[in-house]
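Colleague: Need a 3D model of the following:
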Amino acid sequence: MDKYEMILTAERQFAREVTLGVIVSRPLSVWHYLIPGMFIIDFLRRNSAIREYSKHFMFPRKLAIDAARDLSMDYDTGSVHSRIDSETTHWLTSLNLYSEKLISTQKAAIDVLIAHYEKLLMAEGESYYELIQNAYPSRTLYENHINQLTEAENEVDRALVEKLGESDVLKEKLQLEAQQVTLRRRKILEDIF
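Modeller: From the prediction side, this is the model:
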């Protein structure tokens, strides 16, 4: 498997794990046990929600992976960033989330991801973990990347709350996602270093 596919596969798995952690954390109601067929209906509903949530979680990451690959192949930097601007704007607009601040913060997070993926694409390794280990020779360097990415993602969340308005439901969803992301990143950190 080439590095691009290794990275993409690992990010898709990460997105799925985060999504499962967020969605499965909601307990089943008593009705799921008492009404025949409710389990199947809930299972199908959750599978659909997992696919949709993963797709949105992966969008900026896939955009960044593609950009890093293109930049490593000496594509024009201006056209790559222009494509990122255009696709990010189109994506957020299609979700009825258009705001200059949200677009700006999302692009800043994508830039952090691009720098990370460029390092991984230049590193040697037969697995995703080896790529990380060779791209970040020390635990501190990788932790610095995680902290930078977390801060960029927090800015996106703040812009999202500003756009949609503060609500308990949105706040809970963002907190659950942040917790799952932190748990998964901590596990990767412990597994590698």
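Colleague: Helix or strand with the lowest mean pLDDT in this structure?
Modeller: Among the helical and strand segments of the chain, the one scoring lowest on mean pLDDT, DSSP states H and E is helix 31-34, with a mean of 52.
Colleague: Check which helices and strands the helix or strand just after that helix sits against.
Modeller: The first helix or strand that comes after helix 31-34 along the chain, using DSSP states H and E, is helix 38-72. In terms of contacts (3 or more Cβ pairs under 8 Å, 6 or more residues apart in numbering; DSSP states H and E), helix 38-72 is packed against helix 3-24, helix 31-34, helix 77-94, helix 100-122. To be clear about C-beta, it is placed using only N, CA and C from the backbone, and glycine gets the same treatment.
Colleague: for the first one, which positions count as buried?
Modeller: This points to helix 3-24. 3-4, 6-8, 10-11, 14-19, 21-23 (16 or more other Cβ atoms under 10 Å).
Colleague: How far away from the center of its chain is that helix?
Modeller: Taking Cα atoms, centre = their mean, to the nearest Å, the mean C-alpha location of helix 3-24 is offset from the chain mean by 8 Å.
Colleague: Now do it and helix 38-72, the angle between them.
Modeller: Relative orientation of helix 3-24 versus helix 38-72 (axes from the mean of the first three to the mean of the last three Cα atoms, to 10 degrees): 150 degrees.
Colleague: again with the third one
Modeller: Angle, helix 77-94 to helix 38-72, by the same axes, to 10 degrees: 160 degrees.
Colleague: and the angle from helix 77-94 to helix 100-122?
Modeller: Going by the same axes, to 10 degrees, helix 77-94 makes 130 degrees with helix 100-122.
Colleague: Same check on the first one?
Modeller: Between helix 3-24 and helix 100-122, the angle comes out at 130 degrees (the same axes, to 10 degrees).
Colleague: and the one residue sitting closest to the centre of the chain, what is it in contact with?
Modeller: By Cα atoms, centre = their mean, the chain has its centre lying nearest to residue 57, at 4.5 Å. Contact analysis of residue 57 by Cβ atoms under 8 Å, 6 or more residues apart in numbering lists 15, 18, 19.
Colleague: Kindly export stretch 186-193 (C-alpha atoms) in CSV.
Modeller: The C-alpha trace of stretch 186-193 is given here as CSV (Å, rounded to 0.1, in the frame of the first residue of the first chain):
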residue,chain,number,x,y,z
ARG,A,186,-3.9,9.8,23.2
LYS,A,187,-4.1,6.1,22.3
ILE,A,188,-2.1,6.7,19.1
LEU,A,189,0.5,8.7,21.0
GLU,A,190,0.8,5.9,23.6
ASP,A,191,1.0,3.2,20.9
ILE,A,192,3.8,4.9,19.0
PHE,A,193,5.9,6.5,21.7
